[in-house]
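In: got a predicted model here, sequence first, then my questions.
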Amino acid sequence: MIFKDMDEIRRHLKIGIPLPCYFIGGADDKRKRTILNKIVSITTEGGSGFDNHRFSGNVSADAVADAAFEITFGGGRRAVVCEDIPFGNMGDNEYKKFEQLITEVSGMGGSTVLVFIFTSADADTVKKDSKSSSGKKNRFEALKKLIDKCGGGIIRCETPTTAELCSIIEKTCSKYKCSIHRDLCAYMVERCGNDSALLQNEARKVAEYKGSGIITKADIDLMTCSTPDAKVFDLSAKIAAKDRTGAFAVLEELREMGEKAPLILNILSGSYIDMFRAKSARSCGKTKADIASDWPKSYPKPRQFLIDKALTAQSRYSSSALLRCIDVLLDAEQRMKSTGGNEDIILDETVAKLFSIK
């Protein structure tokens with residue numbers, strides 16, 4: 001069974017009857033962990049005890065099979081979790097053992113639930129240009145097809161969209177008898193990042209502070225912590241507005257947050273690259289959707305607000321000025337990496353140079 005969305009997954013887990021085997025992948029680690037814990041919980045009546053086995057990395061199929069076929073102490077089901085098994089680099093004979101194990105576990109009538117989970121976004125794919133995958137089919141795709149054929153479940157946890165994150169914020173606030181405008185939900189995503197668990201916690205903090213009523217931007221600014229990204233966006237906005245005092249105040253805030261100069265420079269460079277892309281796209285009649293399509297890795301759905309910011313900010317610069325800014329930022333990066341100079345001083349000098357560009 002290939003689950004199409006989170007609603008299907010929630011309905012399945014609510015029933016409380018696990019499938020014999022699962023494949024869990026995708027980019028959203030929080031969702032993957034939540035789903036895994038729920039599967040283990042409904043399998044072993046709470047997820048603890050001797051009937052819960054976990055393996056990670058380069059483990060053999062025989063070791064997993066020993067756990068899958070052992071006698072349970074309580075006479076119930078057992079859960080066997082395999083995390084980040086490197087199927088793409090595995091020998092043919094060993095891989096076939098795992099295929100056989102999936103088939104046999106699926107025929108056991110539900111006494112064992114076998115879960116394969118992959119913690120990184122691309123761990124369950126074999127890159128086409130990888131030497132280790134040369135001449136081999138994508139084993140992960142073959143594994144998914146086998147699990148689906150044997151009555152198991154395929155779960156793909158992608159990063160929530162901005163709309164989904166806004167809904168999470170709204171629902172969290174409503175639990176505390178507060179309401180929040182959708183525009184402010186989007187502002188909170190920009191300010192706090194797209195980690196669903198973190199956003200839920202930040203929304204709870206704001207709602208508890210407010211007590212009841214309509215949450216304002218001032219409430220969010222007072223009670224939430226902005227990410228380094230959000231602060232650096234403020235920095236680039238201060239530079240574009242020629243606000244020297246404000247820009248260096250933001251720099252000081254970032255340092256007080258413990259952020260290092262190379263990270264600040266990296267994010268700042270990204271904001272100018274965003275502006276240059278937006279300027280170029282605007283000049284040839286391209287839209288926000290076109291920009292997102294042209295650079296899908298830079299602007300996944302939860303981060304497409306960066307395009308809106310860039311489209312607004314690019315009007316303050318000419319194309320040649322943006323190129324000069326990017327040159328200044330590149331020079332600073334090279335100096336930080338090669339000269340051994342004081343990184344904070346290099347960053348301060350770089351910000352000062354950006355102000356000098358007309």
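Out: All right, it came through fine.
In: doesn't Val80 belong to a strand?
Out: Yes - assigned with DSSP: H, G, I helix; E, B strand; the rest coil, Val80 falls within a strand.
In: how deep is it tucked in, by neighbour count?
Out: 26 (other Cβ atoms under 10 Å). Where C-beta positions appear, they are placed from N, C-alpha and C, glycine not excepted.
In: separation between it and Met6?
Out: Distance check for Val80 against Met6: by Cβ to Cβ, to the nearest Å, it reads 25 Å.
In: element containing the residue nearest to Cys185 when sequence neighbours are not counted?
Out: Nearest residue to Cys185, sequence neighbours excluded (Cβ to Cβ, 6 or more residues apart in numbering): Cys166, at 3.7 Å. Using DSSP states H and E, the element containing Cys166 is helix 162-175.
In: check the offset of that helix from the chain's centre.
Out: Helix 162-175 sits 17 Å away from the centroid of its parent chain (Cα atoms, centre = their mean, to the nearest Å).
In: which residues in the stretch 51-200 of the chain form helices?
Out: 61-69, 92-106, 139-149, 162-175, 182-192, 196-210 (DSSP state H, counting those that start in this stretch).
In: which residues touch Ala289?
Out: By Cβ atoms under 8 Å, 6 or more residues apart in numbering, Ala289 lies in contact with nothing.
In: what helix or strand is it on?
Out: Per DSSP H and E: helix 288-294 holds Ala289.
In: quick check: next helix or strand after that helix?
Out: Taking DSSP H and E, what comes next after helix 288-294 is helix 305-313.
In: quick one, the following helix or strand past that next one and helix 305-313 angle?
Out: Note on helix 305-313: by DSSP H and E, the next helix or strand toward the C-terminus is helix 319-338. Orientation of helix 319-338 against helix 305-313 (axes from the mean of the first three to the mean of the last three Cα atoms, to 10 degrees) gives an angle of 130 degrees.
In: check which helices and strands whichever helix in the chain runs longest sits against.
Out: Taking DSSP state H as the criterion, the chain has its longest helix at helix 261-283. Judged by 3 or more Cβ pairs under 8 Å, 6 or more residues apart in numbering; DSSP states H and E, helix 261-283 is in contact with helix 228-240, helix 288-294, helix 305-313, helix 319-338, helix 343-356.
In: could those be laid out in TSV, adding distance to Leu184?
Out: Putting these into TSV (distance: least, Cβ to Cβ, whole Å) gives the following:
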stretch	distance to Leu184
helix 228-240	14
helix 288-294	21
helix 305-313	13
helix 319-338	31
helix 343-356	30
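In: tell me the most buried of these?
Out: helix 228-240 (a mean of 21; mean count of other Cβ atoms under 10 Å).
In: pretty sure Leu311 sits against Lys286.
Out: No - look at Leu311 against Lys286 with Cβ atoms under 8 Å: they stay out of range, at 10.3 Å.
In: quick check: next helix or strand after the helix or strand where His12 lies?
Out: Here His12, judged by DSSP H and E, is contained in helix 6-15. Using DSSP H and E, the helix or strand that follows helix 6-15 in sequence is strand 21-25.
In: list of residues touching that following strand?
Out: Here strand 21-25 makes contact (Cβ under 8 Å, 6+ apart) with 32, 35-36, 39, 102, 105-106, 113-118, 123-124, 140, 143-144, 147, 150-157.
In: equivalent analysis for stretch 28-46, please.
Out: With Cβ under 8 Å, 6+ apart, stretch 28-46 has contacts from 6, 9, 13, 16-18, 22, 24-26, 47, 51-52, 74, 76-79, 81, 113, 115, 117, 119, 155, 157-160, 195-197.
In: so where's this protein shaky on pLDDT?
Out: Counting by pLDDT under 70, the chain shows low-confidence ranges at 46-50, 72-75, 120-137.
In: kindly recompute the last result at 50.
Out: Applying pLDDT under 50 to the chain picks out residues 126-135.
In: rewinding a little: what angle do the helix holding Cys166 and helix 6-15 make?
Out: Using the same axes, to 10 degrees: helix 162-175 against helix 6-15 is 50 degrees.
In: now do the same contact list for the nearest residue to Leu235 once chain neighbours are set aside.
Out: Of all residues not flanking Leu235 in the chain, Val250 sits nearest, at 4.5 Å (Cβ to Cβ, 6+ apart). Contact analysis of Val250 by Cβ under 8 Å, 6+ apart lists Lys231, Val232, Asp234, Leu235, Lys238.
In: in terms of contact, does the last one touch Gly246 like I think?
Out: I take that to be Lys238. Yes - contact criterion Cβ under 8 Å: Lys238 and Gly246 qualify, at 4.2 Å.
In: before we move on, the earlier item: among the contacts of strand 21-25, the buried ones, what's the ChimeraX command?
Out: A single ChimeraX command selects the buried members of the contacts of strand 21-25 (16 or more other Cβ atoms under 10 Å):
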select :32,35,36,39,102,105,106,113,114,115,116,117,118,123,124,140,143,144,147,150,152,153,154,155,156,157
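In: no further queries at this time; thank you.
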